[in-house]
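> Fold the following.
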Amino acid sequence: MTIEQIQTEIVALRSQIEVLRQERDSVSVKMTPPENDSPQAIAEAYRRHARENAQLFAELKGIDDAIAVLEDQLAQKQAQLQHWQAQAKQLSLQEQLEEAKKVAQVHAERINQLAAELAAEIRSLKACADELSPLYWQVYYKPFITGFKTISVPHVRSDGDVWTIVNRIV
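Prediction:
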């Protein structure tokens, strides 16, 4: 059963309850007891009125019972709808999470690609520096480039659940 089907059933239940309430209002006979009667006299007047109109009161009782049953069904359907909506929201959150993970994966792959390119460029620069350093020392009395031992590039790795960005020394 889908959320839309449950919502349709809820609308149908509400509609039927409203129809029954209108029917009850149209069938009801208003009785106004005399104002100065005692409580016992008022109770007796209502009992007599019910005995004289037994079929009408049986019909009213049937309508009231039907309304009660339909209201119980309505409450059950509303609870079911809330449950389904909560599940749908959870599913939606999972879908959003999966979509965000895909985007993150693209970025992580690009970072790793750039890191590999950068590492290759650093190695090439180090090779040039290794060739030039002896001559540079002879001309300028200092090193051409320093710090190659501490050069690092980022790398994204995953153990499945947790992603980690580490620095790899080049």
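
> Could you report the separation of the closest residue in space to residue 143 that isn't next to it in sequence from residue 158?
Excluding its sequence neighbours, the residue lying closest to residue 143 (CB to CB, 6 or more residues apart in numbering) is residue 133, at 6.0 Å. C-betas here are computed from N, CA, C, even on glycine. Residue 133 sits at a distance of 39 Å from residue 158 (criterion: CB to CB, to the nearest Å).

> Between the two, tell me which one has more neighbours.
Taking other CB atoms under 10 Å, residue 133 and residue 158 do not tie; residue 133 has more neighbours (15 against 12).

> Skip ahead from the helix or strand hosting the more buried one and say which helix or strand is next.
Using DSSP states H and E, residue 133 falls within helix 54-140. Using DSSP H and E, the helix or strand that follows helix 54-140 towards the C-terminus is strand 152-158.

> mind checking which helix or strand of this protein has the lowest mean pLDDT?
Here the helix or strand of the chain ranked lowest by mean pLDDT, DSSP states H and E is helix 39-52, holding a mean of 84.

> and that helix, how far from the chain's centre?
Its chain's C-alpha centre and that of helix 39-52 lie 56 Å apart, by CA atoms, centre = their mean, to the nearest Å.

> got it, and stretch 89-102?
10 Å.

> ok, residues contacting that stretch?
Residues outside stretch 89-102 that contact it (CB atoms under 8 Å, 6 or more residues apart in numbering): none are found.

> What residues of it count as buried?
Under the neighbour-count criterion of 16 or more other CB atoms under 10 Å, stretch 89-102 has nothing buried.

> Can I get that stretch in CSV? Just the C-alpha atoms.
As requested, C-alpha coordinates have been extracted for stretch 89-102 and formatted as CSV (Å, rounded to 0.1, in the frame of the first residue of the first chain):
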residue,chain,number,x,y,z
LYS,A,89,11.6,10.4,4.7
GLN,A,90,14.3,7.9,5.9
LEU,A,91,14.5,6.5,2.4
SER,A,92,14.8,10.0,1.0
LEU,A,93,17.6,10.8,3.5
GLN,A,94,19.4,7.6,2.4
GLU,A,95,19.0,8.6,-1.3
GLN,A,96,20.4,12.1,-0.5
LEU,A,97,23.3,10.5,1.3
GLU,A,98,24.1,8.2,-1.6
GLU,A,99,23.9,11.1,-4.0
ALA,A,100,26.3,13.2,-1.9
LYS,A,101,28.7,10.2,-1.6
LYS,A,102,28.8,10.0,-5.4
